[in-house]
Each structure stands twice: as structure tokens, then as C-alpha cells.
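Student: Model the structure of this input:
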Amino acid sequence: MNRELRRLAEREEQRERDRRARGQKRRARRRINIVQFLSEVRTELKRVAWPTRRQVVVFTTVTLITAGAVTLYTFGLDIGFKRAILSLLESLTV
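Tutor: Numbering: from 1, shown residues only. Below is the predicted model:
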């Protein structure tokens, strides 16, 4: 085994040891009480960049229009394929 492959294997072994150590640290954590949890949630929610009412209205409108357009497109394809298959079957049975 050349030096490069040996170094690569050593790095991979070190990564595996680090992963195992992190997993053991995670298991060692204690649960926090509900008051601390809610306090941290409140702190995180204060950091969120909430959209304005106008942005919510615009995003909702865009979403509804897009969903409607995709629905109509899918409906059109469905009707078109149904007619094509029915006409193909009628031509085969006649």
C-alpha cells in the first residue's frame, strides 16, 4: 500500500472515530424542561424574518394562480388523452 492510500485510510478511520464520538455525545445530552424549551422557541421566533401582510397576500395569490393553471393544464391533458385513446379504440373495434 503506498503512502497516499495509507493516508486516505487513516483519514477515513479518523472520521469514523469522530462520528462515533459525536454519537456518544448526543446520547449523553439530558432533556431540558418545558419552560426552557418554550423560552428557546420564543427566542428563535423573534429571530425569524416574518413576511409583511402585503407579501403574504402576493405569495398566496401567486400560489393560487399557479395551482389553478397547473390544474387546468392537467385537466386539458386528461381530456385530450381520453379522447385520443377512445378514438383509437373505436377505430380498432370497427
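Student: ok, S91 - how many residues close by?
Tutor: Counted with other CB atoms under 10 Å, the neighbours of S91 add up to 8. Backbone N, C-alpha and C define where each C-beta goes, glycine included.
Student: In contact with it, which residues?
Tutor: For S91, no contacting residues are found, by CB atoms under 8 Å, 6 or more residues apart in numbering.
Student: Show the pLDDT at it.
Tutor: pLDDT for S91: 90.
Student: Go through the protein and flag its longest helix.
Tutor: For the chain, the longest helix by residue count, based on DSSP state H, is helix 53-93.
Student: Off-centre distance for it?
Tutor: Chain-centre distance of helix 53-93: 24 Å, with CA atoms, centre = their mean, to the nearest Å.
Student: Over to stretch 30-45?
Tutor: 25 Å.
Student: so which strand or helix has E44?
Tutor: According to DSSP states H and E, E44 maps onto helix 34-47.
Student: Residues contacting that helix, please?
Tutor: Contact partners of helix 34-47, identified using CB under 8 Å, 6+ apart, comprise I32.
Student: What average pLDDT does it get?
Tutor: Helix 34-47 comes out at a mean pLDDT of 93.
Student: for stretch 55-67, same thing?
Tutor: For stretch 55-67, the mean per-residue pLDDT is 98.
Student: Identify all contacting residues around that stretch.
Tutor: By CB under 8 Å, 6+ apart, the residues outside stretch 55-67 that reach it are P51.
Student: what's the spacing between the spatially most central residue of the chain and T74?
Tutor: Residue closest to the mean C-alpha point of the chain, counted by CA atoms, centre = their mean, is T63 at 17.7 Å. In this structure, T63 and T74 are 16 Å apart, going by CB to CB, to the nearest Å.
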